[in-house]
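Participant: Sharing a sequence plus its predicted fold:
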Amino acid sequence: MPRLQLFFIYSLDAKSVGVKLGILGLGTVGTGTVQLLQDTAGRHPLLKEIEIYRVGVRSLSKPRQVELSTGVVTTDLEAIVNDPEIDIIVEVMGGLEPARTLILTAIKNGKHVVTANKAAISRFGAEIFTAANQAGVYVMLEAAVGGGIPVIQPLKQSLSVNRIHGITGIVNGTTNYILTRMQTEGSDFNDVLADAQRLGYAEADPTADIDGLDAADKIAILASLGFDGRINLQDVYCEGIRQVSKTDISYAAKLGFVIKLLAIAKHQTSDHSQLSVRVHPTLVPQTHPLASINGVYNAILVEGEPIGQVMFFGPGAGAGATASAVCSDILNLVATLKTNTPKSNPLLACRHENYLQITPISELVTRFYARFLTKDQPSVIGKLGTCFGKYGVSLESVVQTGFQAQLAEIVVVTHDVREGDFRQALAEIETLEAIDSIPSILRVI
Ligand SMILES: NC(=O)C1=CN([C@@H]2O[C@H](COP(=O)(O)OP(=O)(O)OC[C@H]3O[C@@H](n4cnc5c(N)ncnc54)[C@H](OP(=O)(O)O)[C@@H]3O)[C@@H](O)[C@H]2O)C=CC1
Ligand SMILES: N[C@@H](CC=O)C(=O)O
Ligand code: NA
């Protein structure tokens, strides 16, 4: 009897169980994924058991950087998600539709899904994960946040016993690349954006990167995992980097800060009753761990109890890095399929049902940086101080350094203040005769 059992196990192993992939998209991430799956030497042996069965694209005539057997590439993406031979759908096409419908159809057909699509997950996550749980399949999304950086699985698994207090990240490679080059080279915004597009970092429509929407999608996903509930994307406050000027970058440097687009999900109060989830350009002290994250690199600082602080750092975009995350998800699913693990592993599935209450931005308590252009009159600084004082805004520093076209430039940094109070003070300051304009208002971490 023992011999028979041994033989049985051997025969299962010897017959290599091929797992068939249907890949939707062969752009930056799809190409990186295919390249990685075709070059398995020295990587995890399970990769050898994966077959690229079908690949869906928009155009058959476009030149490709990878070779695939005749008939593998198709423009019929619906046929891929309905193909009974396929075990796993890898959605790396991006966009909302038809991505959403194709993912839902794949799930309905009992297929596991790997996606890099933070835009679809942050908007349709509730629908997609509910469908996946009902169908007993997994939807994996490591590539959706932080590109190649492992952060989704660590939040779901390795850190899941912690009470999370805050997640603060640089989660958009394109804007970090732009801000870094503006800071180090004094480069022009549009030239650097063109480079980020050429390097494959930017979204098909780079507005999503520049206006902070991509980072908002990502922090919504991280907040959901860290704070254990669903996030309504409309509740995530979002400002991009369009208004960040070379002047502010240079003032920030003089004051000991760098400007970064931060995505923040944090409990505001010690009783954890207020959760703030937001994206905005932020003055970060040069000594802060996130201040030195430059170029396309991303980093996510997670604070929790009992762990303290953990920071995940790495390449947040690009073909190879993102493919690493996509393929690690594929491997997790291959292992699940091979070992017949019950399809309800709570450390792989997403189990949230309730929506989290998000505090409005007017209730945020933070420091601010503001730059004023004023007429060169006596006691302007005094007038500013009086107005701020009226609304309980206390100033940490006031600097008058330069002139721009006959106007004096005054920069202030406040102490912690409720955002609503600060905005009221600014509204009154704008009406002062001595004030020409307020070109920038930025939060300070
Ligand atoms: N680029 C990056 O560094 C990262 C991207 N992501 C995410 O990965 C996903 C893919 O991004 P990326 O590879 O940069 O995108 P690309 O624009 O480079 O590639 C998209 C691919 O999908 C195909 N495609 C798109 N729409 C359709 C459609 N309606 N029908 C058929 N095929 C379609 C395109 O076909 P064709 O080639 O014929 O035009 C192309 O091959 C996005 O969700 C993105 O947010 C996540 C992390 C990093
Ligand atoms: N456009 C995104 C790509 C990865 O998600 C970025 O720039 O970070
Ligand atoms: Na990741």
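Facilitator: On my side now, so go ahead. Bear in mind the structure is a predicted one, so any value in this text is a computation, not a measurement. Residues are numbered from 1 along each chain as shown. Ligands and ions are numbered 1, 2, ... in the order given.
Participant: Each with direction, which strands does the helix or strand Lys266 falls within pair with?
Facilitator: Lys266 is located in strand 257-267, with elements delineated by DSSP states H and E. The strands beside strand 257-267 in its sheet (DSSP bridges) come out as strand 163-170 (antiparallel), strand 275-285 (antiparallel).
Participant: Is whichever strand or helix holds Thr322 positioned near ligand 1?
Facilitator: Assessed by DSSP H and E, Thr322 sits inside helix 319-339. Yes: using C-beta under 6 Å from any ligand atom, helix 319-339 reaches ligand 1 at Thr322. Just so you know, the C-beta spots here come from the backbone N, C-alpha and C atoms, and that holds for glycine as well.
Participant: which of the residues in that helix are buried?
Facilitator: 319-334, 336-337 (16 or more other C-beta atoms under 10 Å).
Participant: Contacting ligand 3 as well, which ones from those?
Facilitator: Filtering the buried residues of helix 319-339 for proximity to ligand 3 by C-beta under 5 Å from the ion leaves Ala325.
Participant: Outline the domain layout of the chain.
Facilitator: In terms of domains, the chain is parsed into 19-147+320-339, 152-315, 361-444 (source: the TED database).
Participant: Please convert the ones you listed to JSON lines, extending it with distance to Pro346 and mean pLDDT.
Facilitator: JSON lines is the format used below for the domains of the chain (distance: least, C-beta to C-beta, whole Å; pLDDT from 0 to 100):
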{"stretch": "domain 19-147+320-339", "distance to Pro346": "10", "mean pLDDT": "97"}
{"stretch": "domain 152-315", "distance to Pro346": "9", "mean pLDDT": "94"}
{"stretch": "domain 361-444", "distance to Pro346": "33", "mean pLDDT": "94"}
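Participant: would you turn these into CSV with distance to ligand 2?
Facilitator: Below are these laid out as CSV (distance: least, C-beta to the nearest ligand atom, whole Å):
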stretch, distance to ligand 2
domain 19-147+320-339, 5
domain 152-315, 3
domain 361-444, 21
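Participant: between these, which one is nearest to His352?
Facilitator: domain 152-315 (5.0 Å; C-beta to C-beta).
Participant: number of nearby residues for Met93?
Facilitator: If you count neighbours by other C-beta atoms under 10 Å, Met93 ends up with 24.
Participant: which SS class is it?
Facilitator: When classified by DSSP: H, G, I helix; E, B strand; the rest coil, Met93 comes out as coil.
Participant: That one against Gly56, yeah?
Facilitator: Yes: here Met93 reaches Gly56: they are 7.2 Å apart, a contact under C-beta atoms under 8 Å.
Participant: what sits in contact with each of the two?
Facilitator: 24-25, 77 (C-beta atoms under 8 Å, 6 or more residues apart in numbering).
Participant: Show me which of the residues you listed is closest to Gln243.
Facilitator: Gly25 (32.9 Å).
Participant: Identify the residue nearest that closest one in space, chain neighbours excluded?
Facilitator: Leaving out its chain neighbours, the residue that sits closest to Gly25 by C-beta to C-beta, 6 or more residues apart in numbering is Met93, at 3.4 Å.
Participant: From Asn117, how far off is that neighbour?
Facilitator: 8 Å (C-beta to C-beta, to the nearest Å).
Participant: Repeat that for Gln153.
Facilitator: 17 Å.
Participant: what about the closest residue to ligand 2 within the stretch 201-350 of the chain, distance to Ala202?
Facilitator: Of all residues in the stretch 201-350 of the chain, Ala317 sits closest to ligand 2, at 3.7 Å by C-beta to the nearest ligand atom. Computed with C-beta to C-beta, the distance linking Ala317 and Ala202 is 8 Å.
Participant: Find residues that contact each of the two.
Facilitator: Thr174.
Participant: What residue, apart from its backbone neighbours, is nearest Leu407 spatially?
Facilitator: Leu373 (4.2 Å).
Participant: Next up, identify which helix or strand the one you found is on.
Facilitator: Per DSSP H and E: strand 365-374 holds Leu373.
Participant: Direction included, what does that strand pair up with?
Facilitator: For strand 365-374, pairing defined by DSSP bridges yields strand 407-414 (antiparallel), strand 417-418 (antiparallel), strand 435-444 (antiparallel).
Participant: follow-up on the earlier one: which one of the strands paired with strand 257-267 lies nearest to ligand 1?
Facilitator: strand 163-170 (14.0 Å).
Participant: quick one: buried residues of that closest one?
Facilitator: So for strand 163-170, counting by 16+ other C-beta under 10 Å, buried means 164-170.
Participant: Check the offset of the very next helix or strand once past that strand from the chain's centre.
Facilitator: Using DSSP H and E, the helix or strand that follows strand 163-170 in sequence is helix 173-185. Using C-alpha atoms, centre = their mean, to the nearest Å, the distance from the centre of helix 173-185 to the centre of the chain it belongs to is 17 Å.
Participant: Would you mind getting the angle between whatever helix or strand comes next after helix 173-185 and helix 173-185?
Facilitator: Going down the chain from helix 173-185, the next helix or strand is helix 189-198, by DSSP H and E. Interaxial angle of helix 189-198 relative to helix 173-185 (axes from the mean of the first three to the mean of the last three C-alpha atoms, to 10 degrees): 130 degrees.
Participant: and helix 189-198, anywhere near ligand 1?
Facilitator: No: using C-beta under 6 Å from any ligand atom, helix 189-198 never reaches ligand 1; the gap is at least 9.9 Å.
Participant: Who are the packing partners of that helix?
Facilitator: helix 173-185 (3 or more C-beta pairs under 8 Å, 6 or more residues apart in numbering; DSSP states H and E).
Participant: Wondering if the helix it packs on reaches ligand 3 at all.
Facilitator: No: using C-beta under 5 Å from the ion, helix 173-185 stays clear of ligand 3, coming no nearer than 11.4 Å.
Participant: what are the ranges of the helices in this structure?
Facilitator: All helices of the chain, identified by DSSP state H, fall at 2-14, 28-37, 77-81, 99-108, 118-135, 152-156, 173-185, 189-198, 207-210, 213-227, 246-254, 319-339, 380-390, 419-430.
Participant: tell me the most buried of these?
Facilitator: Greatest average neighbour count among those goes to helix 213-227 (a mean of 27), per mean count of other C-beta atoms under 10 Å.
Participant: Need the nearest residue in space to the residue in the stretch 1-150 of the chain that ligand 3 sits nearest to, chain neighbours excluded.
Facilitator: Nearest residue of the stretch 1-150 of the chain to ligand 3: Gly146, at 3.9 Å (C-beta to the ion). Excluding the flanking residues, the one nearest Gly146 by C-beta to C-beta, 6+ apart is Asn298, at 4.9 Å.
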